[in-house]
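Peer 1: Structure of the sequence below:
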Amino acid sequence: MAAPDTVVDSNKVGDVYLVQVQPRESPDVGDKRNHWIVVIDVAGESTSEELFGWQYHLGADPKTRKVKFLQSRFHYRRDATFISAITPVGRIENEYHVNRPDNWIFGLVPAILHWYQEFTDDGKKKWSVKVNCQTFAREVIQKLGLHFPNDIAFFGDIDPWLVDLGIFVQSVAKQK
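Peer 2: Sure, this is the predicted structure:
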């Protein structure tokens with residue numbers, strides 16, 4: 001899907017959502033039970049039935065745990081069976097590309113890619129309790145100047161050695 005080039009509802013432009021999905025097994029996210037995505041509605045297209053925007057998240061190769069930055073158009077019904085939760089977290093302003101959501105995307109992607117590079121030490125850090133889709137979503141929301149919801153418990157809030165042990169066991173099982 002191409003980037004939107006016109007604003008639909010200026011009152012919704014910049015709305016930011018934390019989306020929890022239950023992905024099917026894929027090369028990007030493995031076979032884990034939950035995946036977290038930050039969605040920014042760059043054109044004010046979202047409705048009570050559908051969520052539109054540009055999505056930013058992390059994926060990883062389940063065998064090597066190499067992390068990758070993922071971004072693309074997001075458009076799904078809010079009641080899609082794989083969406084577990086949609087949490088509005090605030091709004092950001094489009095100061096530089098007003099009424100040009102397509103140009104705003106081209107401004108947002110490099111900024112969030114830069115945050116990914118900082119977060120993963122230019123891709124050197126592997127998927128772990130500290131580097132995963134949940135902790136990256138939190139990082140992006142905070143870097144956008146918004147507050148991460150206090151009532152969402154994250155994988156990264158568990159003792160790190162337990163999580164890393166689970167990741168290690170899963171990676172050994174996948175190599176067999």
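Peer 1: which of the residues in stretch 124-138 are buried?
Peer 2: 126-129, 131-138 (16 or more other C-beta atoms under 10 Å). Backbone N, C-alpha and C define where each C-beta goes, glycine included.
Peer 1: I'd like the residues you listed as CSV, with pLDDT appended.
Peer 2: Supplementary listing: the buried residues of stretch 124-138 in CSV, determined by pLDDT from 0 to 100:
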residue, pLDDT
126, 91
127, 87
128, 86
129, 83
131, 91
132, 90
133, 91
134, 91
135, 92
136, 95
137, 95
138, 94
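Peer 1: the strands in the protein, which residues?
Peer 2: Taking DSSP state E as the test, the strands found in the chain are 15-21, 35-41, 50-60, 67-77, 83-91.
Peer 1: Kindly list the longest helix within this structure.
Peer 2: Ranked by residue count, the top helix of the chain under DSSP state H comes out as helix 101-119.
Peer 1: Can you pull out the residues in contact with it?
Peer 2: With C-beta atoms under 8 Å, 6 or more residues apart in numbering as the test, helix 101-119 has contacts from 2-7, 13, 40, 42-43, 54, 56, 58, 69, 71, 94, 96-97, 123, 125, 131, 135-136, 139-140, 143.
Peer 1: Select only the buried ones of those residues in PyMOL?
Peer 2: Buried subset of these, written as a PyMOL selection, criterion 16+ other C-beta under 10 Å:
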select buried, resi 3+4+7+13+40+42+43+54+56+58+69+71+94+131+135+136+139+140
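Peer 1: Alright, that wraps it up for me.
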